[in-house]
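Enquirer: Need the 3D shape of this:
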Amino acid sequence: MTQEGERAGVFVHASAEVSTGAAIGGGTKIWHQAQVREGAVLGKNVIVSKNVYIAPDVHIGNCCKIQNNVSIYTGVTVEDGVFLGPHVCFTNDRIPRAINDDGTQKAGDDWDITPTLVRYGASIGAHSVILPGVTIGRFAMVGAGSVVTHNVPDHGLFVGIPARLAGYVCRCGRRLQPVSEKEAHCSACGAQIVLGG
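Expert: Numbers count the residues shown, from 1 in each chain. Purely as a prediction, here's the structure:
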């Protein structure tokens, strides 16, 4: 466990638990009661807020913001610039059980981890649940309280239980206006976005 100031250029609150086997990039801040496990890799300038859990071998890119009470389990990769709202929960086993079919307790090797990927610049709203095996596309946005059961396209706006495509959003986060089947325009920043590309 590390304490404040033990890693050059990294802030770790005294109440946080960060494994010495985790790699943490410069400028990263890890706040109250957060736990970062062995083998986790966090990039530069990541904000890990209060009570976040980052499991072994999770990869987090640069400049990500992870809000309070987020759970990120083994098998999840988060690219640069991703926002994870409060209480977001990633799952990693499609058929979870505490015991094997013979009644013995499952050990680490008994779990079937299914990888999940959150692409560059995506945002996931508060209290969302992300099922294993999905990819959330670049600059996609998942609405608060959604349950994501399948892939989200680049710039896709997904909402609901289960989450469904409700439109598209710009890099600036505003809703895009369709110009054609493959192109959309942002009236806020003026960007032209090619969809599905």
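
Enquirer: The residue located most distally from the centre of the chain and Gly39: what is the separation?
Expert: Ranked by distance from the centre of the chain (CA atoms, centre = their mean), the top residue is Asp102, with 34.4 Å. To Gly39, Asp102 is 29 Å away according to CB to CB, to the nearest Å. Glycine gets a C-beta too; all of them are placed from N, C-alpha and C.

Enquirer: go on, Pro96?
Expert: 21 Å.

Enquirer: out of the two, which sits in the busier spot?
Expert: Taking neighbours as other CB atoms under 10 Å, Pro96 and Gly39 compare with Gly39 leading, 15 against 11.

Enquirer: That one reaches His59, doesn't it?
Expert: No. Gly39 lies out of contact with His59 (CB atoms under 8 Å); the separation is 9.5 Å.

Enquirer: On the three-state scheme, the residue farthest from the centre of the chain is what?
Expert: coil (DSSP: H, G, I helix; E, B strand; the rest coil).

Enquirer: Let me know the distance separating it from Gly145.
Expert: According to CB to CB, Asp102 stands 38 Å off from Gly145.

Enquirer: So which bits of stretch 133-150 are buried?
Expert: 133-143, 145-149 (16 or more other CB atoms under 10 Å).

Enquirer: Same check on stretch 97-107?
Expert: Under 16+ other CB under 10 Å, stretch 97-107 has no buried positions.

Enquirer: which residues are in contact with it?
Expert: With CB atoms under 8 Å, 6 or more residues apart in numbering as the test, stretch 97-107 has contacts from Asp110.

Enquirer: And stretch 45-56, by the same measure?
Expert: 16, 22, 25-40, 42, 60-74, 76, 86.

Enquirer: go on, stretch 114-125?
Expert: Stretch 114-125 is contacted by residues 61, 75-85, 88, 90, 92-94, 130, 132-146, 152, 154, 171, 173 when judged by CB under 8 Å, 6+ apart.
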